[in-house]
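*Asks:* what's the 3D shape of this:
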Amino acid sequence: MGEYTVVVTGASGSVYGMRLIEQLVLAGHNVSVCFTDAGREVTAFELGFELPTEDARVARVALAAFLELQDADQIRVAYAGDLFDPIASGSHRTDAMVVCPCTMGFVASVAHGLAANLPARAADVMLKERRLLVLVPRETPLSLVHLRNLTAVAEAGAVIVPAMPAFYQRPESIDDMVDFVVGKVLDVLDVENELFKRWRS
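*Replies:* The predicted structure is shown next:
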């Protein structure tokens, strides 16, 4: 059983983050989930899910119910303003952290080591501890500033997995396209999955 952190920021594509949380739990892993304020708002707009903000225990039950999981035991919700949360410390063991979807603002924060809130601090910790940090940007087109910041975080050790669905598997639905991207993220995490048809398999 692995320990993973998933951060959902305010980029469009919150369905990617939600599917990733679901798949990690179904694979038997524990998941610490953190939404930025914008991530919570975009998720409510795109998917109709409003994360409770007063009680983390209520929030994890609501999240598990939305994802149609049997229970919430493997989910822990952390709030973006809580710098006392365990994921803010390198002493907290985590196998990997995924920011999905990831805004260019978040990439810039990580690239410059700002660590101004819990998600950015947790990403900073992953880099300093030489642990796996995966960023899933969806922005397009990309400016020179975006590209330089992405290069900086890649040079610091992060893995960039752009939310770019493939078409060789002939997707028939939005779910197929989401599953391809989430499957590629799970591949980077070395988590077994059959979310998409592999080339010539």
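
*Asks:* what helix or strand is the closest residue in space to residue 11 that isn't next to it in sequence on?
*Replies:* Nearest residue to residue 11 in three dimensions, chain neighbours excluded: residue 101, at 3.8 Å (Cβ to Cβ, 6 or more residues apart in numbering). Bear in mind the C-beta positions are built from the backbone N, C-alpha and C, glycine included. Residue 101 is part of strand 96-102, with elements assigned from DSSP states H and E.

*Asks:* show me what the helix or strand that comes right after that strand is packed up against.
*Replies:* The element immediately downstream of strand 96-102 (helix or strand, assigned by DSSP H and E) is helix 104-111. Judged by 3 or more Cβ pairs under 8 Å, 6 or more residues apart in numbering; DSSP states H and E, the packing partners of helix 104-111 are helix 118-128, strand 132-137, helix 144-155.

*Asks:* residues in contact with the longest helix anywhere in the chain?
*Replies:* Ranked by number of residues, the top helix in the chain under DSSP state H is helix 174-189. If you take Cβ atoms under 8 Å, 6 or more residues apart in numbering as the criterion, helix 174-189 is touched by 2, 4, 15-16, 19-20, 23-24, 27, 95-96, 98, 100, 132, 134, 136, 159, 161, 163-166, 169, 171, 192-196.

*Asks:* ok, now stretch 148-156?
*Replies:* 104, 107, 108, 110, 111, 112, 127, 133, 135, 137, 142, 160.

*Asks:* what about the nearest residue to residue 122 once chain neighbours are set aside, neighbour count?
*Replies:* Nearest residue to residue 122, sequence neighbours excluded (Cβ to Cβ, 6+ apart): residue 87, at 4.3 Å. Neighbour count of residue 87, defined by other Cβ atoms under 10 Å: 24.

*Asks:* what about stretch 14-21, distance to the chain center?
*Replies:* In terms of Cα atoms, centre = their mean, to the nearest Å, the centre of stretch 14-21 is set 7 Å apart from its chain centre.
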